[in-house]
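Chemist: return a 3D structure for these sequence lines:
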Amino acid sequence: MKPEDVVSYISAFPKEVQARLKKVRRAIRTAAPKATEVISYNIPAYRLNGMLVYFAGFKSHIGLYPPVRGDAALEKAVARYAGPKGNLRFSHDEPLPLGLIGRIVRLKVRQDGARAAARNKKRK
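Modeler: Coordinates of the predicted model:
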């Protein structure tokens, strides 16, 4: 079933996973306060000028999408969490790297803003 909103998505998980998902949600919203929260592909997503990030809960981890690109230092920092396609996996057995999640979202906001500015410049 498709969740109606992020709250209903999170509430479908066990309590301990809900707590972790709420922390990820808070980190994203803090790093991108102007982003709109939506459900896309049946998971929580954040949109500003385009889609910024998605996150999803799983039995053994929380996933964060899309892969980090365009910042070598940040790519190195997330390497230990990268799955086969570059999407990030935060195991339930480890503390959440909330500061790192914030850095990722801020990078995506900057990249999104640059793409939007380039589109607007091209239109004029």
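Chemist: all helices for this protein, in order.
Modeler: Residue ranges of the helices in the chain, as given by DSSP state H, are 6-11, 15-31, 72-78, 98-123.
Chemist: can I get the ones you listed in TSV with mean neighbour count, mean pLDDT and distance to Tyr65?
Modeler: Where C-beta positions appear, they are placed from N, C-alpha and C, glycine not excepted. Converted to TSV, the helices of the chain look like this (neighbours: other C-beta atoms under 10 Å; pLDDT from 0 to 100; distance: least, C-beta to C-beta, whole Å):
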stretch	mean neighbour count	mean pLDDT	distance to Tyr65
helix 6-11	16	96	15
helix 15-31	16	97	12
helix 72-78	13	94	12
helix 98-123	15	89	10
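Chemist: can I get these in JSON lines including distance to Ser91?
Modeler: Below are those laid out as JSON lines (distance: least, C-beta to C-beta, whole Å):
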{"stretch": "helix 6-11", "distance to Ser91": "18"}
{"stretch": "helix 15-31", "distance to Ser91": "10"}
{"stretch": "helix 72-78", "distance to Ser91": "14"}
{"stretch": "helix 98-123", "distance to Ser91": "14"}
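Chemist: Phe55: which of these is closest?
Modeler: Ranking the helices of the chain by their distance to Phe55 (criterion: C-beta to C-beta) puts helix 15-31 first, at 5.2 Å.
Chemist: skipping its backbone neighbours, what lies nearest Gln18 in space?
Modeler: Ile10 (5.3 Å; C-beta to C-beta, 6 or more residues apart in numbering).
Chemist: next one: the one you found from Pro84, what distance?
Modeler: 26 Å (C-beta to C-beta, to the nearest Å).
Chemist: equivalent analysis for Leu107, please.
Modeler: Going from Leu107 to Pro84 by C-beta to C-beta gives 21 Å.
Chemist: next: Arg119.
Modeler: Here the criterion is C-beta to C-beta. By it, Arg119 lies 31 Å from Pro84.
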